[in-house]
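[1] just the structure for this:
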Amino acid sequence: MTEQPKHVLVTSGLVRNDEGQLLLVKHRLRGWELPQGRVEEGEGLVFALSREILEETGVTVSHARLAVIWSKVSHPAAVIFCFVARYASGSLQPSDETPEVIWCSDADAKRLVSHPVNRDRMASVFTYAGTLRLHSYATGPYRVLS
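    Numbering: from 1, shown residues only. This next block holds a predicted model:
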């Protein structure tokens, strides 16, 4: 029996509040980024997105729409499902993993998110216009493949 390929599944969300501000978290290692996290076994994508955002930020979201899928083809392989969503309720609460959580403008987000992978991922979701897009990348060194 051949071994099946293994991919980590990740959800990421570009969340806006009623004022049009964007939700960012500051990860201890990667710096500022959109809220994101792994999908647990047996968990649906939208549920995983909602759970991760609540755990990392203290807020709930609604109207999640899949916008972009990123495939990381280098080891460890991952598929990142990027959603756009709207703020529903709650107040900002940092977590152990994300010690800072903010609402900010698009311009501030573009300035704050400096990790190349997260910067490109965020930029791809910024331009979402209703059509799902697919991208691939590799690391070591980081490069976008499509």
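[2] so where's this protein uncertain?
    Residues of the chain that meet the criterion pLDDT under 70 lie in 1-2, 4-5.
[3] mind listing the strands for it?
    When secondary structure is read from DSSP state E, the chain shows strands at 8-16, 22-27, 31-33, 36-38, 59-72, 78-90, 100-104, 133-138, 143-144.
[4] pipe those into JSON lines and attach mean neighbour count and distance to residue 51 per row.
    To be clear about C-beta, it is placed using only N, CA and C from the backbone, and glycine gets the same treatment. Formatted as JSON lines, the entries for the strands of the chain read as follows, by neighbours: other Cβ atoms under 10 Å; distance: least, Cβ to Cβ, whole Å:
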{"stretch": "strand 8-16", "mean neighbour count": "21", "distance to residue 51": "9"}
{"stretch": "strand 22-27", "mean neighbour count": "22", "distance to residue 51": "14"}
{"stretch": "strand 31-33", "mean neighbour count": "20", "distance to residue 51": "17"}
{"stretch": "strand 36-38", "mean neighbour count": "18", "distance to residue 51": "8"}
{"stretch": "strand 59-72", "mean neighbour count": "18", "distance to residue 51": "10"}
{"stretch": "strand 78-90", "mean neighbour count": "18", "distance to residue 51": "13"}
{"stretch": "strand 100-104", "mean neighbour count": "17", "distance to residue 51": "16"}
{"stretch": "strand 133-138", "mean neighbour count": "15", "distance to residue 51": "24"}
{"stretch": "strand 143-144", "mean neighbour count": "12", "distance to residue 51": "29"}
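[5] residue 119: which of those strands is closest?
    strand 31-33 (8.9 Å; Cβ to Cβ).
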